[in-house]
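*Asks:* below are the sequence and a predicted model for it; my questions follow.
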Amino acid sequence: MKHIIVRWQRGVPVYAVPKITPFFVFLCAMGALSIVLSAYREWAGLGPTTGMNDIYAWGIWKTFNTMVLTGLGSGGFSVGIAAWIFYRRDLHSVMRTAVLTSFVAYFSGLVALGVDVGRPWNFYQVLMPWTWNAHSPLLEVAVCMPLYACVPLFLENTPPLIERWYYTWPWFRPFIMKHLVPAIRSTYPYVIALAYALPMMHQSSLGALMLLGGSRVHVLWQSPFLPLLYVWAAGFLGYACVIGVLMVACLSWKRPMDMRILGVLARIMSWLILTWNVFRFVDILARGQIGAAFAFDRFSLLFWIETLLLVCPSVFMLWGGNRRIPSRLFQADLLIAVGGMLYRYDPTSFAFTARPGAVYFPSAIEALIAAGYVCLAIAAFVLAAKYLPILPAPVSAWHGMEHYARVVHPDWKLETHDFSHQNRPHFAN
Amino acid sequence: MELTRREALRSVVSKCVPVATAALCLPATEAAEAPSQPKAPVGMLYDTTLCIGCKACVVACAEANELPRDVSLDGLHQAPEDLNAFTKNIIKLYKPHEQSPDSFVKQQCMHCIDPACVAACPFKALWKDDGNGIVAWEPSRCIGCRYCEIACAYHVPKFEWDMINPKIVKCEFCEPRLNKGYQPACTSVCPTHAVIFGPRQDLLSQAKERIEQAPDKYFENRVYGEHEAGGTQVLYLSHVPFEDIGLPDVGPAPIPAALKWQKRIYKFLALPLLMYAMLASIMKKNWIDHRREMREEEERTGLRPQL
């Protein structure tokens, strides 16, 4: 079979597919259910609706939806640092996907956090710095995470939106060219820098939360370097998420896959994971707790599951041949995502012994609300991918869409292969 | 000559890293970071050898704090199983093993000198009084995040799980009674003086006196709470191991000391701002390159470049 080499060059909306599919309806139904159940939770209180109790005061809304899924949604931060700070130019093509996964993951996590807090009406204090306990890691998260999601992450996601307006609202073009484009041009470096400084702060503070858990967090996880390990884990989880989302999107919408770019992402991820694991082992050795890893209790089992889920696929992907085969790359990526999520989940849950014998298991309502907000995030991503030029594709896909739009949306003014006006203003110059 | 990107990156990093290291290591001394001690800490001293388990203090506490009676056990007796949203103070009987001697134990907030809950609370809803050292809860500031419950090594703060307007419930040392010149409810009703009230310093010396008078009567001949987690204002004397009566081995360091490096990193927001400045200066250079490359790409493909 002849291999066709695909190069992702620009974002192209997913076109010529139905916008409303059974899967999309299912996602929306789950989301609607979670909104109804959240209203019930606000009315009935946390006790009757969740499995949380005074011993395990934090449930999956905080420990999974916020602490794990925002780690998974750190692609905009971690891929972005490689693309912009270390200037991996080839990674720019996947940045729109990365920042969109971050956007939906952060908003779904923040909504879950809003449902979780017992007295949300007092949250207005987040705008009043004199009420802050500046040394609380949770304050850092509460200030920094909404700030990141609402300012730099939101601004990073505006170019695809503006691009759509540019083509579909001709009357809006003068405003875009006169005001929006110069504004983006002059502020973008500062916005981007903020988009990397803030996640470094709150993703590490999520780890710092459990420092106060002291010895109740098992010694294999409790470490003074927990904040660093957490933000590092967010780094490789972001890559795992971007690779997984790109591959699933390409498979389900039959778009060509650029195995070279995916391979670059996978290689960076592998090295992040391997160095992370070395650091983690050095930390455990330095604290003299390596014996706990060979205690063969449930904690050491959990530790080795995490380690193997992360290390084996990473080593496997060091060989370029494995990275180039989609099925191998996808399976390895899936294992890494599970392993990384497990690591982020354990210090708050499986490796957190609040009191011997006490248990926490999420209630059905709690789990449905948690799942519902994840479904809403996926639904938002799917919808955005169909309306906006998010997913990367070869230029040929853009021309395909051009032909399609000429029939379906004759009013749209898409770019054509017209070299006659070279000097027109555009986003960049 | 135009700098290459690698050179620019190196120059920025080489300027920022020494500054960051200096900011982290130079100004912080352990003494300056130690928490301020309350001026006149009040305290309680509980002695397991004197307690007869009558639970008069449990009832008195509920009455003084206007807590509903917790009759969840059998619908008849006020016999809560643990500290909970209706119970700020409890007497438990501990008999962990068949052979071990049994002991009653009173549980309520320890009013730590450097409390983990206060360090955890994002909006100072839990706060420690500078004078008497009481750790109290302020409803108008609490967002109900329950981080205090995660942070407290003694499992003291409790949450009203069944309420639409939930509160954090914990012993606040009967502060309204203290202000009127009374003792806390629990110490005022104790028939055997198993739990007594007074300034922490006086109680500590009294406890040491009891140990001196009866050597080997008390476990390890020491007072629990003198040094535990930086010291607590509630002190315990026990004839059984402290672990057995539910007093955890928390070590001498205050629990918030675990946040030492966090505090240094976020001091005056200096290091985050430095990090931001570093990223922005790298980005400014890369942005110019990126715009040039986008222009070149447009000339090549004839398509509007995407950001």
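*Replies:* Looks like it arrived, so ask away.
*Asks:* quick one: mean pLDDT over the helix or strand hosting A:F154.
*Replies:* Using DSSP states H and E, A:F154 maps to helix A:152-156. Taken as a whole, helix A:152-156 has an average pLDDT of 96.
*Asks:* list the buried residues of the helix or strand following it.
*Replies:* Downstream of helix A:152-156, the first helix or strand assigned by DSSP H and E is helix A:158-168. For helix A:158-168, a neighbour-count test (16 or more other C-beta atoms under 10 Å in any protein chain shown) marks A:P159, A:P160, A:I162, A:E163, A:W165, A:Y166, A:Y167 as buried. For the C-beta atoms, the positions are set from N, CA and C on the backbone; glycine is no exception.
*Asks:* report the rounded mean pLDDT for stretch A:306-317.
*Replies:* Mean pLDDT, computed over stretch A:306-317, is 97.
*Asks:* can you tell me which of the buried residues of helix A:158-168 are up against chain B?
*Replies:* A:P159, A:P160, A:E163 (C-beta under 8 Å from any C-beta of the partner chain).
*Asks:* who are the packing partners of the helix holding A:F154?
*Replies:* Secondary-structure packing of helix A:152-156 (3 or more C-beta pairs under 8 Å, 6 or more residues apart in numbering or on different chains; DSSP states H and E): helix A:75-80, helix A:95-116, helix A:181-208.
*Asks:* buried residues in that helix?
*Replies:* A:P152, A:L153, A:F154, A:L155, A:E156.
*Asks:* so what's the first one up against?
*Replies:* Taking C-beta atoms under 8 Å, 6 or more residues apart in numbering or on different chains as the definition of contact, the neighbours of A:P152 are A:V191, A:I192, A:L194, A:A195, A:L198.
*Asks:* nearest residue to the third one in space, please, no chain neighbours.
*Replies:* Okay, so that is A:L194. A:P152 (4.4 Å; C-beta to C-beta, 6 or more residues apart in numbering or on different chains).
*Asks:* give me the helices and strands touching the host helix or strand of B:V13, please.
*Replies:* Assessed by DSSP H and E, B:V13 sits inside helix B:5-25. Applying 3+ C-beta pairs under 8 Å, 6+ apart, one finds that helix B:5-25 contacts helix B:260-266, helix B:270-301.
*Asks:* now do it against helix B:270-301, angle only.
*Replies:* 160 degrees (axes from the mean of the first three to the mean of the last three C-alpha atoms, to 10 degrees).
*Asks:* can I get helix B:5-25 in PDB? Just the C-alpha atoms.
*Replies:* Extracted in PDB, the C-alpha atoms of helix B:5-25 (Å, rounded to 0.1, in the frame of the first residue of the first chain):
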ATOM      1  CA  ARG B   5      16.600  32.500  19.600                       C
ATOM      2  CA  ARG B   6      18.800  30.200  21.600                       C
ATOM      3  CA  GLU B   7      21.000  33.000  22.700                       C
ATOM      4  CA  ALA B   8      18.100  35.200  23.700                       C
ATOM      5  CA  LEU B   9      16.500  32.400  25.700                       C
ATOM      6  CA  ARG B  10      19.800  31.700  27.400                       C
ATOM      7  CA  SER B  11      20.400  35.400  28.300                       C
ATOM      8  CA  VAL B  12      16.900  35.700  29.800                       C
ATOM      9  CA  VAL B  13      17.100  32.500  31.800                       C
ATOM     10  CA  SER B  14      20.600  33.300  33.000                       C
ATOM     11  CA  LYS B  15      19.400  36.600  34.400                       C
ATOM     12  CA  CYS B  16      16.200  35.300  36.000                       C
ATOM     13  CA  VAL B  17      17.400  32.100  37.600                       C
ATOM     14  CA  PRO B  18      20.000  33.600  40.000                       C
ATOM     15  CA  VAL B  19      17.500  36.300  41.000                       C
ATOM     16  CA  ALA B  20      14.900  33.600  41.700                       C
ATOM     17  CA  THR B  21      17.300  31.500  43.700                       C
ATOM     18  CA  ALA B  22      18.300  34.500  45.700                       C
ATOM     19  CA  ALA B  23      14.700  35.500  46.400                       C
ATOM     20  CA  LEU B  24      14.000  32.000  47.500                       C
ATOM     21  CA  CYS B  25      16.900  31.400  49.800                       C
END
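*Asks:* and the closest residue to chain B within the stretch 1-150 of chain A, how far from A:E366?
*Replies:* At 2.4 Å from chain B, A:G118 is the closest residue in the stretch 1-150 of chain A, using C-beta to the nearest C-beta. Distance, A:G118 to A:E366, by C-beta to C-beta, to the nearest Å: 14 Å.
*Asks:* for chain A, what's the nearest residue on the stretch 101-250 of chain B?
*Replies:* Counting by C-beta to the nearest C-beta, the stretch 101-250 of chain B gets nearest chain A through B:G144, at 2.4 Å.
*Asks:* gap between that residue and A:I378?
*Replies:* For B:G144 relative to A:I378 (C-beta to C-beta), the value is 29 Å.
*Asks:* same check, this time on B:K128
*Replies:* In terms of C-beta to C-beta, B:K128 sits 45 Å off from A:I378.
*Asks:* so what's A:G357 up against?
*Replies:* Contacts of A:G357 (C-beta under 8 Å, 6+ apart): none.
*Asks:* any weak-confidence spans in chain B?
*Replies:* Low-confidence segments of chain B (pLDDT under 70): B:1-3, B:26-34.
*Asks:* show me where chain B has its helices.
*Replies:* Ranges of helices within chain B are B:5-25, B:30-33, B:56-64, B:116-120, B:147-151, B:175-179, B:185-189, B:200-213, B:260-266, B:270-301, based on DSSP state H.
*Asks:* could you chop chain B up by domain?
*Replies:* Using automatic domain parsing, the domains assigned to chain B come out as B:5-23+B:262-301, B:37-258.
*Asks:* gap between the two ends of the shortest one?
*Replies:* Pointing back at domain B:5-23+B:262-301 there. 26 Å (C-alpha to C-alpha, to the nearest Å).
*Asks:* how far off centre is it?
*Replies:* With C-alpha atoms, centre = their mean, to the nearest Å as the basis, domain B:5-23+B:262-301 stands 37 Å off its chain's centre.
*Asks:* ditto for stretch B:86-93
*Replies:* 20 Å.
*Asks:* try stretch A:266-284
*Replies:* For stretch A:266-284, the distance to the chain centre is 20 Å (C-alpha atoms, centre = their mean).
*Asks:* is it anywhere near chain B?
*Replies:* No: Stretch A:266-284 stays clear of chain B (C-beta under 8 Å from any C-beta), getting no nearer than 13.6 Å.
*Asks:* which residues sit in contact with A:Y87?
*Replies:* B:R5, B:N286, B:D289.
*Asks:* quick one: average confidence on the host helix or strand of A:S396?
*Replies:* Secondary structure from DSSP H and E places A:S396 in helix A:395-408. Computed over helix A:395-408, the mean pLDDT rounds to 87.
*Asks:* most tightly surrounded among the helices and strands packed on helix A:152-156?
*Replies:* Most buried of the helices and strands packed on helix A:152-156, by mean neighbour count (mean count of other C-beta atoms under 10 Å in any protein chain shown): helix A:75-80, with a mean of 28.
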